[in-house]
Structures are given as C-alpha cells and as structure tokens.
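In: just a sequence and a predicted model for now, questions to come.
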Amino acid sequence: MDKKVYFKIEELQKENENLKKENELLRTVIDSVHESVYVVNEIDEIILYNTESEKMEGLDRKDILGKKEEDVFAQPYYFSEEVTKKILKTGKPLIEQPYWYNLNCGRKTNMIFSAYPFYYKGQIIAVYVIFRNMNQMSDFIAITLEMHKKFIKQETNHHDGAMFLLDDIIGITSKMKKITTEARRIAFRKSPVLIVGETGTGKELFAQGIHNASLYSKGPFIPVNCAAIPDTLLESLLFGTVKGAFTGAIDTPGLFEQAEDGTIFLDEINSMSFSLQAKLLRVLQDKSVRRLGSKVQIPLNCRVISATNMDPIEAVKKQVIRSDLYFRLATITLNIPPLRERKEDIEVLARHFIRKCNTEFGLFINDISEELINFFERYDWPGNVRELENFIEGAMNFVLNKDKILKLHHLPEYFGERLFLLKDTQNHKDSQSTVIDNRTLQSALLETEKSIIESTLMRNKGNISRSAQVLGISRQNLHYKLKALGITNK
Ligand SMILES: Nc1ncnc2c1ncn2[C@@H]1O[C@H](COP(=O)(O)OP(=O)(O)OP(=O)(O)O)[C@@H](O)[C@H]1O
C-alpha cells in the first residue's frame, strides 16, 4: 500500500478513536449530572435521554430513544408543541422556565427547565432540554430562606410564610366546620397543638391559620418538615450550633430561637428519631434551648404546633412517637378527617381550585360537569385535598381557551388508571357502604379491562405495537397495564 495512504488511514483511525473516547466521556458526564437532560432531533425524535431523566420518569431509555415525545410522555402536548417544535422553528431558547409536570406515574413534579436550539453548520438540527427537579430542594430552600430572613429582618412584624387564614379553609361539612371553629377557639391559647391527619388533608393550612389567629401572629411562622431532613442536620437546625461544636460548625441560632414570639410548626413529627424526640422533649419542658456545643441555656417563647400523618395512639403503641413527648405535644389535638369521609367538600374544593387555576392559567372555566363530580365522589382520594388540587391542575392543562365547563374528558389518562388500581379501600371504616360499591365497580372495571387487553393481544399474536394501536394507547401505557394487571404476553 502507498505509504501516504497508509499514514492517512492510521491518522483517520486515531481521529475516530479520539472522537469515540470524547463521545463516551461526554455521555458519562451527562449521565452523572443531577439535572434531567433530553434531546429531540429535527424530526421530533428523542435521541438522548440521560440517567436522571430515567430515574425521574421511571422509564427506560431503551423504550424512549427514537420515539416521539407524544408517544412516551404523560403530558406531551405542552413540550412538543410549545417548546421543542417552536424552538426548532424559531431558534429562540427558553431559559429558566418554571413548569409543573405530572410524571407517567401521576406524581406532580415542580421543575425549572431551559431549552436550547443546537446548530450544526448553520442549521438547527436538535433541541436540548435541561430540567431541574425543584421538589427535593424546596424544603431545604424554605429553611435557608427562613434563616436568611432572620438575619435581614430582625425587627420587622412579619407573617413569614404563613399566608393562610382560618377563613381560607374550604369545607361545608359539619366535620370541617367543627374543626375550624375549634381551631379558632384554641388559637388564642398558648398550649401546644397536635394536628392529626393523613397526607394532604390540610394540616399545614390549619397550622398557618392558627398562627395567624393567635397571640403569636406578629412573630414568625417557622415550618420544619421533620421527614425531609436527616437527623443530625435536623438537630443542629432546630437547636442551633456554636463555633467548634463539630468540624465546620459556626455560631448559628436554631429554628426554635428563630421562632421567638412566633410559632414553630413541626410537621411529620412521627418521622423524628427517638433520641432526637428525647432532646426535643427536654427543650419543651425547660422552655429553653442549648445550642449544640454550648453550655448556655437560651430561654424560649414560641408556640409549638406539631403534626402527624399517623394515628398518634398507634404511633405511641408502635414506639414511633415517645409517649412522654406525645403527652407534651398533644395538649390540644385537632383531627382532620380524610377527604373520603367528607365527600360533600369535594365539589366546593374542586370549584375553589378551578378558580385558582383560571387566574393562574388565564382560563375561563366557570362550571364543572355533574358527571365529573360523580366521578370524583366515587374516588377515594388517598392523597386527599392535595391530590384533588393536583387533578384539577392536571385537567386544566387539557382545557382549551374556549371551554367553559370542566368535563370528564379533560382528566389526564392516569386518573382512570388510578381509579382502576385503587384496591386498598378496606380501612375506610366510616364509609363502608360506598367502599363496598367501589370495590365491586373497580373489580368489574379491572376484569373488563384485563379481558379486552388479553383478547386484543391474542388477536394481534402478542404484537405490542399493533395491540397498543388497536387499543388507542401508547406502547408505554400498554406495558404498564400488562404489569399492573398481571397479564403475561405469551
Ligand atoms: N380545606 C382546604 N381548603 C383549601 N385548600 C386546602 C384545604 N385542605 C388542603 N388544602 C390544600 O391542599 C394542599 C395540601 O395541604 P397541606 O400541605 O396543608 O396538607 P398536609 O396535611 O400538611 O400534607 P402533608 O401531610 O403531606 O404535609 C395545599 O395546597 C392546601 O392549600
């Protein structure tokens, strides 16, 4: 072979090897970042989907790459139409856009995203989107903000973070009216309050309402989510530290000190370790706190409101909450019933959230169909009011500008799936007749869905793509249903 040609080939091979190495390095880096990254090419196919995206969506990139956005995501419309296709057309990036998104599993996620065009030889050939998931960060940000505020606003009269009044609490059932009246009555006292209720029933709303109606309303409202913060960090956050207490420790007042003349709200107290509960009990009994590493007792004057999503008696029995701490925290106890035990509240709450979304999204929905209300009333709402709020927001995303009534077809597809998959209704003792109806309805619907899918698969010789097409659902969704319904595709 000509020597020149030989050297040229060797050079090209080396260059190729270097490019491969560089490509692999970049992919490893993209897979290691904590942001979710994906890339769509000029014909709207997803060509890159990093590990963080897989984790966030619970999807496998094998099932994503080469597909169109609308075939794989739960809420594809906004992104494919308003982001990727628009950028492919206009070349204008979208930077730091807040966005909330219902993942394929139905969980609501708050995001900040940026999307950019990618130019190659003067042509836009792709759009890359980078998401930051704000959910994990929000508790830490809230605490950091509280600390920051303390330093810059020492002397001001403020309602730090406590936006809600007891008047803002929506509910027409006698159960809710009774609790709101009780909350108004006890707000003026100084005793600790324990709020008991399942997740999303409005415990923090009540805590804020009580604070704003109390003698402590001029002071700050300091919420602490005990479940979101690791134990060692929680201890130093609550009680404060002095320089030298441990490596890197600085003189910092704890949240108890920061809540001076105000209210500290200890949410999910049942997640706090037993040893930290003992330290908390001491602080409450002594009405004073000692920063970590210090010998000085600092007197405290703040109202303590705590909350648990577990029955406190059960929690004491199971040694999740110390009995001595329970008696100290539960001088006054408010029990907020789950939404399934106050179904008459569903419609008023739904209307309230529609009004809120109208303002936020610039929509004009002024009514809700009876069919949709019936549907809502049949559902058990394991996530309570928060879940209803998320559903309404999800549905409002499918509303067109001309729509005036919120209807069943506006609901995201996963609502039907949740209704089908809701089996765990046995514990709801107060609504037994409804529960029995629901279970019958659910099992009938599940059976029907299962047999339709099985026969479609059989007719299409187990071909997933064809069956999904016939059923009018995405392949992703069909895979999900096969797993959920225990169907084996032979
Ligand atoms: N009665 C109500 N009226 C209006 N909004 C409500 C009501 N109850 C709950 N919400 C809304 O539902 C959402 C969840 O409420 P909140 O955070 O107070 O629940 P929680 O019981 O503290 O939940 P978690 O146990 O998960 O911390 C909030 O957006 C709140 O504004």
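Out: On my side now, so go ahead.

In: contact partners for the spatially closest residue to P337 that is not a sequence neighbour?
Out: Counting by C-beta to C-beta, 6 or more residues apart in numbering, P337 lies nearest to K175, which is 5.3 Å off, once chain neighbours are set aside. Using the backbone N, CA and C atoms, a C-beta is placed for each residue, glycine as well. Each residue near K175 by C-beta atoms under 8 Å, 6 or more residues apart in numbering is listed here: 337, 341-342.

In: just the buried members of those residues?
Out: 337, 341-342 (16 or more other C-beta atoms under 10 Å).

In: Throw those into CSV and include distance to F73, pLDDT and secondary structure, thanks.
Out: Listed next are the buried ones among the contacts of K175 as CSV, based on distance: C-beta to C-beta, whole Å; pLDDT from 0 to 100; DSSP: H, G, I helix; E, B strand; the rest coil:
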residue, distance to F73, pLDDT, secondary structure
P337, 36, 96, coil
E341, 35, 95, helix
R342, 34, 96, coil
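
In: now this structure, which segments are flagged as low pLDDT?
Out: Counting by pLDDT under 70, the ranges of the chain that qualify are 1, 74-78, 102-108, 135-160, 245-249, 413-442, 444, 459, 490.

In: point me to the residue of it nearest the ligand.
Out: Nearest to the ligand in the chain, going by C-beta to the nearest ligand atom, is G202, at a distance of 2.7 Å.

In: give me the neighbour count for that residue.
Out: By the measure other C-beta atoms under 10 Å, the count of residues near G202 is 23.

In: relative to F164, how far out is it?
Out: As judged by C-beta to C-beta, to the nearest Å, G202 and F164 stand 9 Å apart.

In: Y326 too?
Out: Applying C-beta to C-beta, the value for Y326 to F164 is 26 Å.

In: over to S80?
Out: 37 Å.

In: residues making contact with stretch 29-36?
Out: Stretch 29-36 has contacts (C-beta under 8 Å, 6+ apart) with 37, 48, 50-53, 55-56, 130-133.

In: can you pick out the most distant pair from those residues?
Out: Put simply, by C-beta to C-beta the two of these set farthest apart are L48 and N133, 18.1 Å from each other.

In: from what I can see E42 touches I124, true?
Out: Yes: with contacts counted by C-beta atoms under 8 Å, E42 reaches I124, the gap being 6.9 Å.

In: residues making contact with the host helix or strand of I210?
Out: Here I210 sits within helix 203-212, counting by DSSP states H and E. Here helix 203-212 makes contact (C-beta under 8 Å, 6+ apart) with 159, 161-169, 179-180, 183, 186-187, 193, 195-197, 217, 221, 223, 262-263, 265, 267, 303, 305, 307, 309, 334, 336.

In: ok, then the element right after that helix?
Out: Remark: after helix 203-212, the chain's next helix or strand is strand 221-225, criterion DSSP H and E.

In: which other helices and strands does the next helix or strand after that following strand contact?
Out: Scanning forward in sequence from strand 221-225 by DSSP H and E, the next helix or strand is helix 231-239. Helices and strands touching helix 231-239, by 3 or more C-beta pairs under 8 Å, 6 or more residues apart in numbering; DSSP states H and E, are strand 221-225, helix 255-258, helix 274-286.

In: the longest one to helix 231-239, inter-axis angle?
Out: Pointing back at helix 274-286 there. Here helix 274-286 runs at an angle of 10 degrees relative to helix 231-239 (axes from the mean of the first three to the mean of the last three C-alpha atoms, to 10 degrees).

In: list the buried residues of helix 274-286.
Out: Across helix 274-286, burial judged by 16+ other C-beta under 10 Å covers 276-277, 279-281, 283-284.

In: can you check stretch 34-42 too?
Out: By 16+ other C-beta under 10 Å, the buried positions in stretch 34-42 come out as 35-41.

In: returning to that earlier point: the helices and strands packed on helix 231-239 into a markdown table, with extra columns for distance to Y119?
Out: Below are the helices and strands packed on helix 231-239 laid out as a markdown table (distance: least, C-beta to C-beta, whole Å):
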| stretch | distance to Y119 |
| --- | --- |
| strand 221-225 | 44 |
| helix 255-258 | 49 |
| helix 274-286 | 54 |
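
In: wait, which of the buried residues of stretch 34-42 is closest to E454?
Out: Of the buried residues of stretch 34-42, the one sitting nearest to E454 (C-beta to C-beta) turns out to be Y38, at 33.7 Å.

In: need the contact list for the closest one.
Out: Residues near Y38 by C-beta under 8 Å, 6+ apart: 46, 48-50, 53, 128-129.

In: how far does stretch 458-466 stretch from start to finish?
Out: Counting by C-alpha to C-alpha, to the nearest Å, you get 11 Å between the two ends of stretch 458-466.

In: please list the residues outside that stretch that contact it.
Out: 457, 467, 470, 475, 478-479, 489-490.

In: I'd like the next helix or strand past the strand or helix carrying V29.
Out: Element membership of V29 [criterion: DSSP H and E] is helix 3-32. Going down the chain from helix 3-32, the next helix or strand is strand 36-41, by DSSP H and E.

In: interface residues of the stretch 101-250 of the chain facing the ligand?
Out: Neighbours of the ligand within the stretch 101-250 of the chain, by C-beta under 6 Å from any ligand atom: 169-171, 197, 199-205.

In: ok, L234 - contacts?
Out: By C-beta under 8 Å, 6+ apart, the contact set of L234 is 224, 226, 272, 276.

In: one more pass at 10 Å, please.
Out: Counting by C-beta atoms under 10 Å, 6 or more residues apart in numbering, L234 touches 143, 224-228, 255, 266, 271-273, 276, 280.

In: equivalent analysis for V304, please.
Out: By C-beta under 10 Å, 6+ apart, the contact list for V304 reads 190-194, 256, 259, 263-266, 269, 280, 283-284, 328-329, 331.

In: at 6 Å what do you get?
Out: Shown in contact with V304 (C-beta atoms under 6 Å, 6 or more residues apart in numbering): 192, 264.

In: ok, the one 4 residues further on next?
Out: T308 makes contact with 196, 269-270 under the criterion C-beta under 6 Å, 6+ apart.
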